[in-house]
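J.: From the sequence below, what's the structure:
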Amino acid sequence: MRFRIADKMGHLRRYRHILAVLMKYGFDEVVDALRRRLTLRLGARAVPMHVRRAAVGRSRPQRVRLALAELGPTFVKLGQLLSTRPDMIPPEYVAELELLQDRVAPANFTAIRRSVEAELKGSLEMIFLRFDAEPLAAASIAQVHRATLRDGTLVVVKVRRPGIVQAITVESEILLELAGLIKATLGPDETIDPVLMVQEFTAAVTKEVHLSNEARNLHRFARNFADDPTVRIPKLYGEYCTDAVLTMEYIDGIKCNDIPALEAAGLDRKLIASRGAKFILRQLFDFGFFHTDPHPGNLFILPGNVLAPLDFGQAARLTGDNRQLMGEMVLSVSDSDAERMVHALSRAGLVGERTNVSALTADLEDMLQSYADLPLKDIPIGRAIAQAFDIMRHHRIRPPAEFTLMLKSLMTIESMAKMLDADFQLIEHLRPYARRISLERMDPRRVARQGQRFLRELLDVAAAMPEQVSAIMSRLRRGQIDLHVQHEHLENLVHTLDRASNRIAFGLIIAGAVVASSLLVTQGGQRELLGVVRIETLGIFGYLIAALLGLWLLFSILRSRKL
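T.: Numbers count the residues shown, from 1 in each chain. From the prediction side, this is the model:
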């Protein structure tokens, strides 16, 4: 990968800062792996020499969190994304990264004013009756201001931070380059793929910085829950929305984790917990479109125990196959059936050649046995899912990103519901949905549709086969059939053969030099070549060359440790 803007001083300073922070928190092995390549690419100034250390007494996951927090908003966002991917990183890292807070100082209001006026094509005073200069919340990508429309409607205006798109572009380039360097230093058995992590992060954050995506998500949620009186989706004011500005209804509610305020308002915590679970499960199993970040700060409670979700920037779609897999996993946990879970993973195409199926089944059986004697209502589905993730990661099984986010949403809503209701058991709410999804496979209408599709594809193949066979036979008669064979690790064999042939060639050259020198020494006498040098001297010189080549060949063999 080539640097497009690495010669800029700002870029160079950023690399120095990143390496300095890594050194500060004790990641010397990473710095050592990057030092040589970055020095070659950017010069010696790219690598700091002396940095104050701050790693003593802290675990590695803690140091990762602290380093990401110090590196700034983009790296904080990366850590938050990784905290939702327990299939990619160990649970102790997930627990630490969940503590990262996306809090930054608000952008200058003059810059925010200019941005809003440029996007909405008018002055703030002309568009709004009132626009608060002090934001309600400020994050790395956008900040939220309360405002009043000209007709008196209270709204919140989400404004993208000026310059954030360019900043994320540059930071993503740096992250991808560093991930590539780190991946090159990892062994072939390493289950973590830093390049894939950065690519997924870049795709996710690119969507989030375009607020028009959030507007579409909000509109779809409103349509899905239009007939549900227990859920209030904020109204979107499309005429005041652009790619950098989002305007929606102001919701005055109580955060669902503010227990004293909920009790003071006389709200029913058990009912809120039940409705919160239903809200998430309907997204997953009824609509296949769900909020991927349902933390307490994004869920307000209104009078009547009505749920009001906020911040729709992070959402994902779920395929029918992933919902089916989810149902099978839940039923496997509740029935303590490890083989069923393995078969479900295999049907989904997630079990590869490098996976030891027997070992995978045994590990899952050990995990499920720890819950076998518990009543159904006492099975901690969140903890069971986290353990299943750890086992899948160990056995090189990587579920689709959407599936992982779905499971993470379930774990989050279970934790939030237990905070409201200590007796809440997610599996009691989840099991009926899982049963329904599992039974859908046997639905006669579904089976009939699958049969029709299979028959249609079979007829298409049969209709095309005579023409394809004729084309193959025609090319065969003309001698135009090429056979391409690809062998895994063949390049290693070619390299080994090439090295062996080089050594044989050197050996023959040395042997030839020895033989030729011997002939010159024994038969040269006092004769001279062109009256300049004696032929016997040439023979001795040939011996010296053969000796040097022989020593060099012996040294190279010993250095490779392969005699």
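J.: give me the element residue 300 is part of.
T.: strand 299-302 (DSSP states H and E).
J.: what's the following helix or strand after that strand?
T.: Next in sequence after strand 299-302, counting helices and strands by DSSP H and E, comes strand 306-309.
J.: just the strands in the stretch 101-250 of the chain please.
T.: With strands called from DSSP state E, counting those that start in this stretch, the stretch 101-250 of the chain shows them at 128-131, 137-138, 142-149, 154-160, 245-249.
J.: Nearest to residue 384, out of those?
T.: Closest to residue 384 of these is strand 137-138 (Cβ to Cβ; 34.2 Å). C-beta coordinates here come from the backbone N, C-alpha and C atoms, glycine included.
J.: Only the buried residues of the helix or strand where residue 15 lies, if you could.
T.: Assigned by DSSP H and E, residue 15 falls within helix 9-24. For helix 9-24, burial by neighbour count (16 or more other Cβ atoms under 10 Å) applies to 11, 12, 14, 15, 16, 18, 19, 20, 21, 22, 23, 24.
J.: ok, now stretch 303-315?
T.: Residues 305, 306, 307, 308, 309, 310, 311, 312, 313, 314, 315 are the ones in stretch 303-315 that count as buried (16+ other Cβ under 10 Å).
J.: wait, the last one sits on residue 287?
T.: If I follow you right, that is residue 315. No - Residue 315 lies out of contact with residue 287 (Cβ atoms under 8 Å); the separation is 10.7 Å.
J.: where's residue 152 relative to residue 130, distance?
T.: Per Cβ to Cβ, to the nearest Å, residue 152 is found 10 Å from residue 130.
J.: what about those two, which has more around it?
T.: More neighbours surround residue 130 than the other of residue 152 and residue 130, with 13 against 8 (other Cβ atoms under 10 Å).
J.: what sits against the closest residue to the more buried one other than its chain neighbours?
T.: Nearest non-adjacent residue to residue 130, counting by Cβ to Cβ, 6 or more residues apart in numbering: residue 148, 4.1 Å away. By Cβ atoms under 8 Å, 6 or more residues apart in numbering, the residues touching residue 148 are 128, 129, 130, 131, 154, 155.
J.: Please tell me the pLDDT value assigned to residue 148.
T.: pLDDT, residue 148: 96.
J.: Same question for residue 529.
T.: What the model reports as pLDDT for residue 529 is 56.
J.: wait, doesn't residue 73 sit right on residue 104?
T.: Yes - between residue 73 and residue 104 a contact is recorded at 5.6 Å, counting by Cβ under 8 Å.
J.: what do these two both touch?
T.: Residues touching both residue 73 and residue 104 by Cβ under 8 Å, 6+ apart: 139, 140.
J.: So which of these two has more stuff around it?
T.: Each of residue 73 and residue 104 had its neighbours counted (other Cβ under 10 Å), and the higher figure belongs to residue 73 (19 against 15).
J.: Which residues are in contact with the residue lying closest to the more buried one once chain neighbours are set aside?
T.: Excluding its sequence neighbours, the residue lying closest to residue 73 (Cβ to Cβ, 6+ apart) is residue 140, at 3.1 Å. Applying Cβ under 8 Å, 6+ apart to residue 140 gives the contacts 73, 74, 76, 77, 102, 104, 161, 164.
J.: And the residues you listed, which is closest to residue 501?
T.: Distance ranking of the contacts of residue 140 against residue 501, using Cβ to Cβ, places residue 74 first at 50.0 Å.
J.: what's near enough to touch the closest one?
T.: With contact set as Cβ under 8 Å, 6+ apart, residue 74 has these partners: 140, 167, 168, 171, 172, 175, 205.
J.: Identify the farthest-apart pair in the residues you listed.
T.: 140 and 175 (14.4 Å).
J.: helices and strands of the chain: which one bottoms out on pLDDT?
T.: Scoring the helices and strands of the chain by mean pLDDT, DSSP states H and E places strand 528-529 at the bottom, with a mean of 59.
J.: ok, back up a step: just name the closest of the contacts of residue 140 to residue 331, please.
T.: The closest of the contacts of residue 140 to residue 331 turns out to be residue 77 (Cβ to Cβ; 35.3 Å).
J.: and after the host helix or strand of the closest one, which helix or strand comes next?
T.: For residue 77, the element it lies in under DSSP H and E is helix 73-82. Sequence-wise, the next helix or strand downstream of helix 73-82 (DSSP H and E) is helix 91-97.
J.: Helix, strand or coil: sort out residue 517 for me.
T.: Using DSSP: H, G, I helix; E, B strand; the rest coil, the three-state assignment for residue 517 comes out as helix.
J.: That one and residue 539 touch, don't they?
T.: Yes - in this structure residue 517 lies within contact range of residue 539 using Cβ under 8 Å: 4.3 Å.
J.: list the contacts for the residue nearest the centre of the chain?
T.: The chain has residue 197 as the residue nearest its centroid, 3.3 Å off, counting by Cα atoms, centre = their mean. By Cβ under 8 Å, 6+ apart, the contact set of residue 197 is 78, 81, 82, 85, 88, 179.
J.: ok, so what distance separates it from residue 518?
T.: The value you get for residue 197 to residue 518, if Cβ to Cβ is used, is 64 Å.
J.: Can you measure across stretch 331-349, start residue to end residue?
T.: With Cα to Cα, to the nearest Å applied, stretch 331-349 spans 19 Å between its terminal residues.
J.: quick one: buried residues of it?
T.: Buried residues in stretch 331-349 (16+ other Cβ under 10 Å): 331-334, 336-338, 340-345, 348.
J.: Tell me which of the residues you listed fall in helices.
T.: Per DSSP state H, helices hold the following members of the buried residues of stretch 331-349: 331, 332, 333, 334, 338, 340, 341, 342, 343, 344, 345.
J.: Next, format those residues as TSV and append distance to residue 418 and pLDDT.
T.: Below are those laid out as TSV (distance: Cβ to Cβ, whole Å; pLDDT from 0 to 100):
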residue	distance to residue 418	pLDDT
331	22	78
332	23	81
333	17	77
334	18	74
338	26	85
340	27	86
341	24	86
342	29	87
343	31	87
344	27	85
345	28	85
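J.: ok, of those residues, which one's closest to residue 427?
T.: Minimum distance to residue 427 across these is 6.1 Å, recorded for residue 334 (Cβ to Cβ).
J.: so who does that closest one touch?
T.: Here residue 334 is in contact with 376, 379, 427, 431, 434 (Cβ under 8 Å, 6+ apart).
J.: so where's the stretch 51-200 of the chain shaky on pLDDT?
T.: Flagging of the stretch 51-200 of the chain using pLDDT under 70 yields the residue ranges 51-55, 87, 102-103, 185-192.
J.: same question but for the stretch 401-550 of the chain, I mixed them up
T.: Scanning the stretch 401-550 of the chain for pLDDT under 70 picks out 437-455, 457-458, 480-499, 520-535.
J.: In it, what residue spans correspond to helices?
T.: Here the stretch 401-550 of the chain has its helices, by DSSP state H, counting those that start in this stretch, at 401-420, 426-440, 444-477, 490-524, 535-560.
J.: so which of those helices is the most packed in?
T.: Among these, the stretch with the highest mean neighbour count (mean count of other Cβ atoms under 10 Å) is helix 401-420, at a mean of 21.
J.: Counting by contacts, list what that one packs against.
T.: When contacts are defined as 3 or more Cβ pairs under 8 Å, 6 or more residues apart in numbering; DSSP states H and E, helix 401-420 packs onto helix 259-264, helix 269-281, strand 289-291, strand 315-317, helix 320-335, helix 381-394, helix 426-440.
J.: hmm, back to that, filter the contacts of residue 148 to the buried ones?
T.: The neighbour count (16+ other Cβ under 10 Å) marks 128, 131, 155 as buried among the contacts of residue 148.
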